[in-house]
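Participant: Kindly return the folded structure for what I paste below:
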Amino acid sequence: MESPVLKNRAVFPPASKKIKFVAPEELSPAVEKVIKESLAIQLEAAVLFIAKQLGFSRVTEDMREEILNAVGSSLASNRILKDGEFLKVV
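Facilitator: Next up is the predicted model:
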């Protein structure tokens, strides 16, 4: 598979609806998709939209941490950039 399919977990049973079941290979494209569609977005708003993109209705502290790690990885690999308070695609 060249690029992972983003799954919306809204209809998953609660036991399967955990951020730890989201592969990093799926989380990074979700980060980039949300930022690309937003043109520029603040980090805290991005976290919420990334969680919603994956089908989560609310953001727990564990989710926030995992999403922030994915954002950090995308920043480190120069797939997105931080311009002041905003995240943007390269």
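Participant: same question for stretch 64-83, mean pLDDT?
Facilitator: Confidence for stretch 64-83, expressed as mean pLDDT, is 96.
Participant: Would you mind listing the outside residues contacting it?
Facilitator: Residues outside stretch 64-83 that contact it (CB atoms under 8 Å, 6 or more residues apart in numbering): 19-20, 22, 24, 27-28, 30-32, 35, 40, 43, 46-47, 50-51, 59, 87-90. The way it works is simple: take the backbone N, C-alpha and C, and place the C-beta from them, glycine included.
Participant: Just the buried ones out of the residues you listed, please.
Facilitator: Taking 16 or more other CB atoms under 10 Å as the criterion, what is buried in the contacts of stretch 64-83 is 19, 22, 27-28, 30-32, 35, 46-47, 50-51, 59, 87.
Participant: Which of these fall in helices?
Facilitator: Taking DSSP state H as the definition of helices, the buried ones among the contacts of stretch 64-83 contribute Leu27, Ser28, Ala30, Val31, Glu32, Ile35, Ala46, Val47, Ile50, Ala51.
Participant: Return the closest of the residues you listed with respect to Met63.
Facilitator: Taking CB to CB as the measure, Met63 lies nearest Ala51 of these, at 5.6 Å.
Participant: For this structure, which residues score under the pLDDT cut-off?
Facilitator: Counting by pLDDT under 70, the ranges of the chain that qualify are 1.
Participant: Now with 50, please.
Facilitator: Residue ranges of the chain with pLDDT under 50: none are present.
Participant: So what's the gap between the one helix or strand Glu66 maps to and the chain middle?
Facilitator: Glu66 is part of helix 61-76, with elements assigned from DSSP states H and E. Here helix 61-76 is found 7 Å from its chain centre; the criterion is CA atoms, centre = their mean, to the nearest Å.
Participant: Please apply the same query to stretch 10-20.
Facilitator: Its chain's C-alpha centre and that of stretch 10-20 lie 16 Å apart, by CA atoms, centre = their mean.
Participant: again with stretch 41-56
Facilitator: Stretch 41-56 sits 6 Å away from the centroid of its parent chain (CA atoms, centre = their mean).
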